[in-house]
Structures are given as structure tokens and as C-alpha cells.
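Enquirer: Build me a structure from this.
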Amino acid sequence: MNFDKELDARGLNCPLPILRAKKTLNEMSSGQVLKIIATDPGSVKDFAAFAKQTGNELLSSAEAGGEYTFAIKKK
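Expert: Residues are numbered from 1 along each chain as shown. You can find the predicted model right below:
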């Protein structure tokens, strides 16, 4: 999947991955995609709720080897 920016949130616990993603998305243009890599298991439901609340689109959510990868498209 193509993305415009990548955010490394590994080692950060809730709510830091969400706060960093929000800050990064604010710097991006509408339609751009942010890739986030996190290690907090709670981030799965956090990013789903974040996308719903902000209107941004959660394009994908995956887990591999204890790392969670998300792609969020800015509205």
C-alpha cells in the first residue's frame, strides 16, 4: 500500500500513538495516507475509535510479530 508519511509509535503506550497520529495528520493534506507502526495492543481498538471520531478512514489494520500497522487516510 502506498502512503505519504510514516509514524513510528513503537514503544509508546496509549494515548501517545493516537496523539502523535493526530498531530501528524494535522500536518497532512486531505486524501493523504499515514502509516503508523505501534507495539501497544490497545492501539487496535484505539485507532478504530479514533478514525470513527475524526472522520478519517482506517484503510488497514494488521498485526505481525507484536507490531501493529495501520493506514489512515485523512478526510
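Enquirer: what sits against the closest residue to Thr39 other than its chain neighbours?
Expert: Nearest-residue entry for Thr39: Arg10, 4.7 Å, with adjacent residues in sequence omitted and distances by CB to CB, 6 or more residues apart in numbering. All C-beta spots, glycine's among them, are computed from the backbone N, C-alpha and C. Residues near Arg10 by CB atoms under 8 Å, 6 or more residues apart in numbering: 37-39, 67.
Enquirer: confidence score at the residue in the chain sticking out farthest from the centre?
Expert: Most distant from the centre of the chain: Gly65, at 17.6 Å, with distances by CA atoms, centre = their mean. At Gly65 the predicted local distance difference test score is 96.
Enquirer: need the contact list for the nearest residue to Ala9 once chain neighbours are set aside.
Expert: With CB to CB, 6+ apart as the criterion, Ala9 has its nearest non-adjacent residue at 3.8 Å, and that residue is Pro17. Residues in contact with Pro17, defined by CB under 8 Å, 6+ apart, are 7, 9, 36, 38, 40, 43, 46-47.
Enquirer: let's see 6 Å
Expert: With contacts defined as CB atoms under 6 Å, 6 or more residues apart in numbering, Pro17 is in contact with 9, 38, 43.
Enquirer: helix/strand/coil for the residue most central in space within the chain?
Expert: The C-alpha lying nearest the average C-alpha coordinate of the chain belongs to Ile36 (CA atoms, centre = their mean; 4.3 Å). With DSSP: H, G, I helix; E, B strand; the rest coil as the basis, the three-state label of Ile36 is strand.
Enquirer: so what's it bridging to?
Expert: With beta bridges defined as DSSP bridges, Ile36 has these partners: Leu7, Phe70.
Enquirer: May I ask you to confirm that it is in contact with Phe70?
Expert: Yes. Under the criterion of CB atoms under 6 Å, Ile36 is in contact with Phe70, at a separation of 4.5 Å.
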